[in-house]
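A.B. asks: Output the structure for:
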Amino acid sequence: MAKRRKHQLPIGLSIVIAILMICVGIVGVQTLMVRREAARQQQLAASESQAAAAAKDAFIDRLAPYAQALQKEYAVLPSITLAQAILESDWGHSTLASQYHNLFGIKGSDPATTKLLATKEYVNGQWVTVKARFRVYDSDVASMKAHALLFVNGTAWNANQYLAVRQAKDYKTAAYALKAGGYATDPDYPEKLIRVVETYDLNRLD
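C.D. replies: Residues are numbered from 1 along each chain as shown. Below you'll find the predicted structure:
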């Protein structure tokens, strides 16, 4: 009997199939690499998020005891002290806070004890960048003490300017009293403070 000849593909088609198989393999490897990189980026983001959360907790834990001590002496709610420090200093990362220990954006006029810096103010319905003098402190504790004394002594033109802040029994009332007292030009300042207090459960310290 005659042997049956094996069916052979044309050489051109065989080459095409081989090229396709190589391409599929390359795509598979690239897909695997993309997935691995995506997983690595997710792990990195999670790690950075955990580090950021830990840094925020450390910031609160570091300032909370003195904020509570100031409440006993000057009747300023710790939740408001900490919320303002967080909001005004960007968790201690702002130039004013990190270099000059001014956690609350407190201004001054004496060139010997202040630093001229750019800041944003809400004027005539819009945000503008202006230059202003801000007080320089030796430590964060000194800044917190000055912040409490500002509420106690008021300003040169109104000794009772922040009396309502000290009289407030809860953080929401105090936040709106700060806005009424002219502490900040931001029209949303009270809501921002309240959001910070509630996000980080700061009223547990009051």
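A.B. asks: all strands in the protein, in order from the N-terminus.
C.D. replies: Remark: strands assigned in the chain by DSSP state E are 114-123, 126-135.
A.B. asks: Let's have those strands in a markdown table, adding distance to residue 60, mean pLDDT and mean neighbour count.
C.D. replies: To be clear about C-beta, it is placed using only N, CA and C from the backbone, and glycine gets the same treatment. A markdown table is the format used below for the strands of the chain (distance: least, Cβ to Cβ, whole Å; pLDDT from 0 to 100; neighbours: other Cβ atoms under 10 Å):
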| stretch | distance to residue 60 | mean pLDDT | mean neighbour count |
| --- | --- | --- | --- |
| strand 114-123 | 24 | 85 | 13 |
| strand 126-135 | 23 | 86 | 12 |
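A.B. asks: Distance of residue 165 relative to residue 113?
C.D. replies: According to Cβ to Cβ, to the nearest Å, residue 165 and residue 113 sit 24 Å apart.
A.B. asks: and if you look at residue 21?
C.D. replies: Residue 21 is 76 Å from residue 113, where distance means Cβ to Cβ.
A.B. asks: which stretches of this structure have low pLDDT?
C.D. replies: Where the chain drops to pLDDT under 70, the residues are 1-10, 12-13, 16, 44-48.
A.B. asks: can you tell me which helix in this protein is longest?
C.D. replies: Counting by DSSP state H, the longest helix found in the chain is helix 11-74.
A.B. asks: returning to what we had before: so for residue 197, which of the strands of the chain sits nearest?
C.D. replies: The minimum distance between residue 197 and the strands of the chain falls on strand 114-123, with 21.4 Å, by Cβ to Cβ.
A.B. asks: follow-up on the earlier one: same for the longest helix of the chain, what does it pack against?
C.D. replies: If you count contacts as 3 or more Cβ pairs under 8 Å, 6 or more residues apart in numbering; DSSP states H and E, helix 11-74 packs onto helix 78-89, helix 140-153.
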